[in-house]
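1. Need the 3D shape of this:
(chains A, B and C)
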Amino acid sequence: MTIRLAILTVSDRCAAGEATDTAGPALAARASEALGARLVAGACVPDDRDAIAAMLRDWASAAPAPELILTTGGTGLAPRDITPEATLRVLERQHPGIVELMRARCGARHPRAYLSRAVAGTIGATLIINLPGSEPGALESFDAIAVILPHALGVLRGTARDCGVRRVSRGTAT
Amino acid sequence: MTIRLAILTVSDRCAAGEATDTAGPALAARASEALGARLVAGACVPDDRDAIAAMLRDWASAAPAPELILTTGGTGLAPRDITPEATLRVLERQHPGIVELMRARCGARHPRAYLSRAVAGTIGATLIINLPGSEPGALESFDAIAVILPHALGVLRGTARDCGVRRVSRGTAT
Amino acid sequence: MTIRLAILTVSDRCAAGEATDTAGPALAARASEALGARLVAGACVPDDRDAIAAMLRDWASAAPAPELILTTGGTGLAPRDITPEATLRVLERQHPGIVELMRARCGARHPRAYLSRAVAGTIGATLIINLPGSEPGALESFDAIAVILPHALGVLRGTARDCGVRRVSRGTAT
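-> A predicted model of the protein is given here:
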């Protein structure tokens, strides 16, 4: 089953046409290659909490909703960076493990990767993950977690399972 | 001093009698062996936020309360997995470090361990830690943090200390 | 540009004059040496949520505010430890990455470092980071993150940038 992917670029300058988003298209290509994901939605919004949250909610409530939303940009300490806060506002369940893996793997190569404030989590059956705004940073962060995404998305949509318990075998009653 | 332990198995299928909980008993045995912990309470509830939160609150307000509550199950991305959210609802103080250690150690062997959304923290003098639902996952996660639990529980009940400051020696005034 | 630093020692015993704060002065010396930071404020408060939060808010709203506030003490599991909760109350943006780096690096040497519940984040243009209360623990934790602090503070005050997007070159219209 193909993964439906949406990518939200968060950048004042891109939204104003003062800069070109290269991270978004690069992520779409990488996710297609690595996961066979198909881009079903893409947008660019400024570093505005309401605009980010509204777009995430909008996408997650579409029918069918994308299984995966990647955001790129706004996860650092710059005064306007607000993507994690906007994301937390809409998440129903947080996923600290995914972003811990991202920071641990990228940070092992260059400690500045730990400056990402990225969060992850779910709304309904959609997994949302924040990535950095720079093209190399976004790709490296995606690569760091790509290996666990197919299983994550399979569990989220109920086609894979984290087996927890042994089924009780029921004898045929007579 | 013996550690009083309670174990909460969170599983729709176990609660409905459709599956047998093996993680709970295995955890009790492992915690007895590793920490000398004594099981004082155990239960199985469905993946229901209110049921989980009610049981945790109930145990933590007993007299004497267990020093340690381990939950098993409901920490992943399956649609019904809600144990971390139920736990966060009752925690007074969160403990991100314990679950970071769990994911870092287990994830070093198999990256999927980072898919755990487990949280930890305290209510009163009780430490609550979420563990995965599979028996091997629960045991491996417990083993990853067992080394720091005796000190953690000692500090929590005030019998050990994280020495922070140098005592002022008070001279005898004349 | 010199970094303005404030250090808050959180300790019932220090606040009551029953113990001498050694972690605070040691941190000031280390931050001066490592970052060229200049101590502009320092205080000692008891392990009281309101007292801690009030001091952090007070410092962060000064003009000019310190770029960096380090707290020492109250991050563990002792019954009165409440520094992370007081800090979370005043933070506008959380920074999980900084404390993950701290615990990962210190914890690699001694797993008990994972027992720190430290949080980090920002109010306005001020970065606040919780550190342990013991002098060696505080210094080791500071050392673990010092390498990323100059860039972090530069981005926060807008003098450095996490380059996210390629500028659109605007041709001269004729």
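
2. Every contact and neighbour count from this point should use C-alpha atoms.
-> Will do.

3. Flag every residue of chain A that's near chain C.
-> For chain A, the residues in contact with chain C (CA under 8 Å from any CA of the partner chain) are A:14, A:17-23, A:73, A:76-79, A:82, A:85, A:100, A:103, A:111-112, A:114-117, A:132-135.

4. In ChimeraX, how would I select the buried members of these?
-> Filtering those down to the buried ones (16 or more other CA atoms under 10 Å in any protein chain shown) takes a single ChimeraX command:
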select /A:14,18,19,20,21,22,23,73,76,77,78,82,85,100,103,111,112,114,115,116,117,132,133,134,135
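
5. I'd like to know which of the residues of chain A next to chain C are part of strands.
-> A:19, A:20 (DSSP state E).

6. Tally up the residues packed near residue A:109, please.
-> Neighbourhood size, residue A:109 [other CA atoms under 10 Å in any protein chain shown]: 10.

7. And the pLDDT for it?
-> Per-residue confidence (pLDDT) for residue A:109: 96.

8. Residue B:128 versus the residue of chain A found nearest chain C, what's the distance?
-> Chain C sits closest to residue A:134 of chain A, with a gap of 3.7 Å, by CA to the nearest CA. From residue A:134 across to residue B:128, the span is 39 Å (CA to CA, to the nearest Å).

9. and what of residue A:85?
-> 27 Å.

10. do residue A:11 as well
-> 40 Å.

11. Quick check: buried residues in the helix or strand where residue A:106 lies?
-> Residue A:106 is located in helix A:96-109, with elements delineated by DSSP states H and E. By 16+ other CA under 10 Å, the buried positions in helix A:96-109 come out as A:96, A:97, A:98, A:99, A:100, A:101, A:102, A:103, A:104, A:105, A:106, A:107.

12. ok, residue A:39 - contacts?
-> Going by CA atoms under 8 Å, 6 or more residues apart in numbering or on different chains, residue A:39 touches A:4, A:5, A:6, A:7, A:28, A:32.

13. Distance of it relative to residue A:65?
-> Counting by CA to CA - residue A:39 and residue A:65 are separated by 12 Å.

14. Ok, residue A:3 next?
-> Taking CA to CA as the measure, residue A:3 falls 10 Å from residue A:65.

15. Overlap of the contact sets of residue A:39 and residue A:65?
-> Common neighbours of residue A:39 and residue A:65 (CA under 8 Å, 6+ apart) are residue A:4.

16. in the sheet, who's paired with the residue nearest the centre of chain A?
-> For chain A, the residue lying nearest the average C-alpha position, counting by CA atoms, centre = their mean, turns out to be residue A:129 (2.2 Å). Applying DSSP bridges to residue A:129 yields these beta-bridge partners: residue A:70, residue A:120.

17. and it, what pLDDT?
-> Note on residue A:129: pLDDT of 99.

18. tally of neighbours for residue A:145?
-> 20.

19. what's it in contact with, if anything?
-> By CA under 8 Å, 6+ apart, the neighbours of residue A:145 are A:98, A:101, A:102.

20. from the residues you listed, which are also near chain B?
-> Checking those against chain B (CA under 8 Å from any CA), the matches are A:98, A:101.

21. can you list the contacts of residue A:145 in TSV and add distance to residue C:58 and pLDDT?
-> Shown next, in TSV, are these (distance: CA to CA, whole Å; pLDDT from 0 to 100):
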residue	distance to residue C:58	pLDDT
A:98	35	98
A:101	36	98
A:102	35	98
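
22. Could you export the contacts of residue A:145 as JSON lines, including distance to residue C:159?
-> Converted to JSON lines, those look like this (distance: CA to CA, whole Å):
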{"residue": "A:98", "distance to residue C:159": "30"}
{"residue": "A:101", "distance to residue C:159": "29"}
{"residue": "A:102", "distance to residue C:159": "26"}
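
23. returning to what we had before: list the contacts of the helix holding residue A:106.
-> In contact with helix A:96-109 (CA under 8 Å, 6+ apart) are residues A:113-114, A:116, A:118-121, A:129, A:140-142, A:144-145, B:100, B:103, B:114-117, C:97, C:100.

24. okay, the angle between it and helix B:96-109?
-> 70 degrees (axes from the mean of the first three to the mean of the last three CA atoms, to 10 degrees).

25. Need the per-residue pLDDT for residue A:57.
-> So residue A:57 comes in at 98 (pLDDT).

26. Next: the one 10 residues further on.
-> As summarised for this prediction, residue A:67 has a pLDDT of 98.

27. What is the neighbour count of the closest residue to it other than its chain neighbours?
-> Nearest residue to residue A:67 in three dimensions, chain neighbours excluded: residue A:126, at 4.5 Å (CA to CA, 6 or more residues apart in numbering or on different chains). Here the count is done by other CA under 10 Å, and residue A:126 has 23 residues near it.

28. hmm, back to that, which ones among the contacts of residue A:39 lie within strands?
-> Short answer: these in strands (DSSP E) are A:4, A:5, A:6, A:7.
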